[in-house]
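Chemist: Provided below are the primary sequence and the corresponding predicted coordinates.
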Amino acid sequence: MVEYGIDLDARPVAKQLQKIGRDMPQINRGILGLLAEQVITDSQSKYLRGRPGLKRQTGKLAQSLTHKVGNQWVDIGTNLIYAEITKRAGR
């Protein structure tokens with residue numbers, strides 16, 4: 001009978017997994033920031049272009065969209081009182 005054995009030192013893998021775990025909040029913020037930017041871009045191009053039913057006068061609303069990102073959440077909205085929009089993902 002033939003037997004095979006492998007000795008594996010899992011410490012380097014465990015070390016890398018710990019590093020990824022420490023970096024996850026930053027990775028999450030980056031992903032959520034990209035998502036928020038895409039939502040804003042899509043909203044500006046699809047819903048805030050002055051299509052029929054929406055009388056665009058200055059474009060101020062489209063330009064006022066902003067976002068804030070946390071480790072597990074993103075706020076997308078505007079500071080304009082007449083058209084406040086807020087969508088929170090992850091909270």
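Modeler: Yep, it's here.
Chemist: could you pull out the helices for the chain?
Modeler: In order along the chain, the chain carries the following helices (DSSP state H): 11-46, 60-64.
Chemist: residues touching the shortest one, excluding its own?
Modeler: When you say that, I think you mean helix 60-64. Helix 60-64 is contacted by residues 43-44, 48-49, 56, 78-80, 83 when judged by CB atoms under 8 Å, 6 or more residues apart in numbering. Every C-beta, even on glycine, is put in place using the N, C-alpha and C of the backbone.
Chemist: which of the residues you listed sit farthest apart?
Modeler: Across the contacts of helix 60-64, the longest distance by CB to CB is 20.9 Å; it joins Arg49 and Asn79.
Chemist: more neighbours: which of these two?
Modeler: The residue with the greater number of neighbours, taking Arg49 and Asn79 and applying other CB atoms under 10 Å, is Arg49; the counts read 11 against 8.
Chemist: shouldn't that one be in contact with Ser43?
Modeler: No - at 10.0 Å, Arg49 does not count as touching Ser43 under the criterion of CB atoms under 8 Å.
Chemist: which secondary element of this structure has the worst mean pLDDT?
Modeler: When the helices and strands of the chain are scored by mean pLDDT, DSSP states H and E, strand 86-89 comes last with a mean of 56.
Chemist: now Arg29: closest residue in space that isn't a chain neighbour?
Modeler: Distance criterion CB to CB, 6 or more residues apart in numbering; nearest residue to Arg29, sequence neighbours excluded, is Val69 at 5.0 Å.
Chemist: show me the contacts for that neighbour.
Modeler: In this structure, Val69 makes contact with 29, 32-33, 36, 75, judged by CB under 8 Å, 6+ apart.
Chemist: would you reformat those as TSV and include distance to Leu8 and neighbour count?
Modeler: Output for those, formatted as TSV (distance: CB to CB, whole Å; neighbours: other CB atoms under 10 Å):
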residue	distance to Leu8	neighbour count
Arg29	34	16
Leu32	36	20
Gly33	38	14
Ala36	41	20
Asp75	45	15
